[in-house]
Structure formats: C-alpha cells, structure tokens
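1. Turn this into a model:
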Amino acid sequence: MAEDLRRFLALSARGDEAAFELLYRAVAGPVYGLALRTLRNPVHAEEVAQEVLLEVWRAAAAYRPERGSVMTWVLTIAHHRAVDRVRSARAAAERDLRVASLEPVEGDPLDEQVVRSLDQLRVRSALAGLSGVQREAVVLAYYGGYSQREIAHLLDVPLGTVKTRIRDGLSRLRTAFALDSDRSGSMKVLAASRSGPGHEAGAKP
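-> Next up is the predicted model:
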C-alpha cells in the first residue's frame, strides 16, 4: 500500500490525473476523519479535507520519502490545516463577538438579561479582563457554539477543567458587567445633579 501511494503521488506530481484519483480514494477517508476529530463539525471537516487534497495535488513534487510515508505526509498537512481552521475561528469569534450570538451552554446558564443588555464594546472590554484560558473557553462556548465536551476535546483538556474555566469566566464577566453598570448609573446621577436647580450656567450658590 505504501509503495502504491508513493507511486501515485510521483505520477500526480507529473500531472497524471488518473493517478491522483487513485491517491485521492486512498487518503480522502483518513484525511476527513482527522479533520472531523479536530473540528467536530462535518461541514468544516469536509471543507478542510478538500483544501488538503487540493494542496496535495499542487505540492506533490515537494514530497520527500526520507521524511516519512505518503500517508504521514498527507495527514500532517491535514492536521496543520485543521488546527489553522480552529485558530482562525477562535480569532474571528473574539474579533466579531456579538451579544446576540451569546447563547447559554447546557448546564451552565448565563443570565440573558445581563448579556443582551450589553453593547459590543462592553462585551469586548469584559472579555479582555478574563485570563487567556477563560476567554478561550467562553468564546468557544458562547460564540463558537461548541459543547463543553467538544471544547475539552478541541483543547485537549479534561471536561472538568473546561467547566471550571467557563464558570470562573462567567463569574468574572458578571462582576465586570455589574461594575460597569454601577459606574454608568453614578455618571447619570452626577450629570443630573449638575443640570439641576442652582447649577445653571452663571448661577451662584
């Protein structure tokens, strides 16, 4: 099998589409399986698998037998692509987080009235106050739509650790939101007192 894959890849490097079709059939399943285990999303896994196989076709001439088997080479490309997709989704989630996208995770509810009353800047500011691991878990859960078990698999950490990170992160978010609301209320009271009787322009005590 290994020799067959090496031959198919060598022919593919010369533009042999029939050989690449045989290579495709041999590696497509393992590539998709690896992507699915990493991404936990069939649609994303299919997209990544197609990207990987296209890269294999384009970069076939770059393969070096001394660095490992063809299957290992292909799966290494697949792993890198899948991890890149996870990182890209995580970065996009942190960059484009919207209050309307926050949905409670089963077993760890978040007060909807707290979240939905916040504007985008306050959410981002509050998230910035979390530790890196807390922010990562909260963003993946409430924006990425991953379950706690999926996050544990994605980050390769125990489920209990994920639950703790989300719980502690939400606790810090609630505290930050409460402090921000208190500051906003104080500013309104101060502004009202300054605009009340005895504080008009030119008024004397």
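2. P158 against A152, yeah?
-> Yes: if you go by C-beta atoms under 8 Å, P158 and A152 touch, sitting 6.4 Å apart. Every C-beta, even on glycine, is put in place using the N, C-alpha and C of the backbone.
3. Which one of these two is surrounded by more residues?
-> Legend: neighbour count by other C-beta atoms under 10 Å for P158 and A152, higher for A152 (18 against 10).
4. Spell out which helix or strand contains the more buried one, please.
-> Following DSSP states H and E, one finds A152 within helix 148-155.
5. which of the residues in that helix are buried?
-> By 16 or more other C-beta atoms under 10 Å, the buried positions in helix 148-155 come out as Q148, E150, I151, A152, H153, L154, L155.
6. Among these, which has the minimum pLDDT value?
-> Lowest pLDDT of those: L154, 69.
7. Let me see the ranges of the helices in this protein.
-> Secondary structure of the chain by DSSP state H: the helices cover 2-13, 17-39, 42-58, 70-96, 112-116, 120-128, 132-142, 148-155, 159-194.
8. could you redo those helices as CSV and give each row distance to R64?
-> Output for the helices of the chain, formatted as CSV (distance: least, C-beta to C-beta, whole Å):
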stretch, distance to R64
helix 2-13, 11
helix 17-39, 17
helix 42-58, 14
helix 70-96, 8
helix 112-116, 51
helix 120-128, 43
helix 132-142, 35
helix 148-155, 31
helix 159-194, 39
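9. any idea which of these is most buried?
-> Most buried of those by mean neighbour count (mean count of other C-beta atoms under 10 Å) is helix 132-142; its value is a mean of 22.
10. Give me the helices and strands touching it, please.
-> In terms of contacts (3 or more C-beta pairs under 8 Å, 6 or more residues apart in numbering; DSSP states H and E), helix 132-142 is packed against helix 70-96, helix 120-128, helix 148-155, helix 159-194.
11. quick one: contacts of stretch 36-47?
-> With contacts defined as C-beta atoms under 8 Å, 6 or more residues apart in numbering, stretch 36-47 is touched by Y32, A35, V48, H79, A82, V83, R85, V86, Y146, E150, H153, L154.
12. Is it possible to get TSV of those residues that adds distance to A26?
-> TSV is the format used below for the contacts of stretch 36-47 (distance: C-beta to C-beta, whole Å):
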residue	distance to A26
Y32	13
A35	16
V48	18
H79	18
A82	19
V83	23
R85	23
V86	26
Y146	31
E150	29
H153	27
L154	28
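13. measure the closest residue to A59 other than its chain neighbours to G132 for me?
-> Distance criterion C-beta to C-beta, 6 or more residues apart in numbering; nearest residue to A59, sequence neighbours excluded, is I77 at 8.0 Å. As judged by C-beta to C-beta, to the nearest Å, I77 and G132 stand 28 Å apart.
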